[in-house]
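Colleague: I would like to see how this sequence folds:
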Amino acid sequence: MRILVTGAAGYIGSALVRALRPGHDVLDTDQSGAQIIGNLAYPQFARSLITRDIGAVFHLAALVSGGAEQSFELGNKVNLDATRDLLEACRLAGHCPKFIFTSSIAVYGGELPDPVTDDTPAAPRSSYGAQKLVCEILIDDYSRRGYIDGRALRLPTVMVRPGAPNTAVSGWTSAIIREPLAGRDYLCPVRPDTRMACISLGRVVESLIHAEKIPGERLGPRRTLLLTGIPVSAREMWHAVKGKTGARVSFRPDPQIQAIVDAGPKATVSKRAAGLGLRHSTSIEEIVDEFEKDAAFAHHR
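Modeller: Numbers count the residues shown, from 1 in each chain. From the prediction side, this is the model:
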């Protein structure tokens, strides 16, 4: 089966491509050496990607939360319009490919239960969350009509992102681990008691691959799955690496970042995802250990 991965040069996308490559013909759109290079913000490019030999589409390309809030027009083009263009290309191709989409717990907002569960209604309070929710609804409808066999995974905060920070509001959750382990002091922009719903990169990649294999009839008309994200505070993140480094972490809350984070889920629990075989991280120590092993592997390659 030939598989298309959009956003293949990104944090999750690059790890997904590495996991898929053994045994699969993977077409990626933006990695070095990619078969096709282009900009999904242009409809003609997005619609050119779906041919009848594509059996599955993993659509990961997105403008992350902070970027989508800063640029409303670009956020709509990348996060909403490009997704619809890909869905339309699948419809026109006429062979009902699998369509696996990375959504986000940014679809939740307002007064939230702790934890957020499968029954918590979506009510986004950001452009990014609204764009993701619209895409989920489209995936349900295109699946209902038989144009795709869709799945959307609502991702908690994915840790630990290597390299330079991006514009995601949750970027500090990776920096508070990554920077001290690299021997660099870090100034955290939230309070020590600030909690986030967290999951490791490895669990997300595993979940994406597993979701593609779930029979459509087991999902039914509701094609969105919430992934369980364990609650971890900024203090707990720091303590998980404190004994491994001589670097220091201090806390200076940024009012704007703190307000956004405080309005989001502190933990997510999905019995539905667990029943379908999607696993979650068990502790911040497990997440840090995975990051250190991946970093060591990348260093020795």
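Colleague: list the buried ones in stretch 122-140?
Modeller: The neighbour-count check on stretch 122-140 (16 or more other CB atoms under 10 Å) flags 122, 124, 126-136, 138-140 as buried. Every residue, glycine included, has its C-beta placed from N, CA and C.
Colleague: End to end on stretch 98-112, go ahead and measure it.
Modeller: 32 Å (CA to CA, to the nearest Å).
Colleague: what do you get for stretch 86-104?
Modeller: Note: stretch 86-104 ends 19 Å apart using CA to CA.
Colleague: Pull out the buried positions in it.
Modeller: Buried-residue list, stretch 86-104, by 16+ other CB under 10 Å: 86-90, 93, 96-104.
Colleague: now, which of the buried residues of stretch 122-140 sits nearest residue 210?
Modeller: Proximity of the buried residues of stretch 122-140 to residue 210 (CB to CB) peaks at residue 139, which lies at 17.4 Å.
Colleague: gap between the closest one and residue 153?
Modeller: Residue 139 sits 11 Å away from residue 153, going by CB to CB, to the nearest Å.
Colleague: Quickly list what's touching both of the two.
Modeller: Listed as contacting both residue 139 and residue 153 by CB atoms under 8 Å, 6 or more residues apart in numbering are 101, 224.
Colleague: Give me the contacts around stretch 38-45.
Modeller: For stretch 38-45, using CB under 8 Å, 6+ apart, the contacting residues are 6, 29-30, 46, 48, 61, 74, 77-78, 81-82, 85-86.
Colleague: Among these, which lie within helices?
Modeller: 46, 48, 74, 82, 85, 86 (DSSP state H).
Colleague: Just give me the closest of these to residue 24.
Modeller: residue 86 (19.0 Å).
Colleague: number of nearby residues for the closest residue to that closest one other than its chain neighbours?
Modeller: Leaving out its chain neighbours, the residue that sits closest to residue 86 by CB to CB, 6 or more residues apart in numbering is residue 46, at 5.4 Å. Number of residues near residue 46 (other CB atoms under 10 Å) recorded here: 25.
Colleague: ok, residue 46 - contacts?
Modeller: Contacts of residue 46 by CB under 8 Å, 6+ apart are 40, 82, 85, 86, 89.
Colleague: residues of the helix or strand encompassing residue 287 that come out buried?
Modeller: Taking DSSP states H and E as the definition, residue 287 sits inside helix 284-300. For helix 284-300, burial by neighbour count (16+ other CB under 10 Å) applies to 284, 287, 288, 290, 291, 294.
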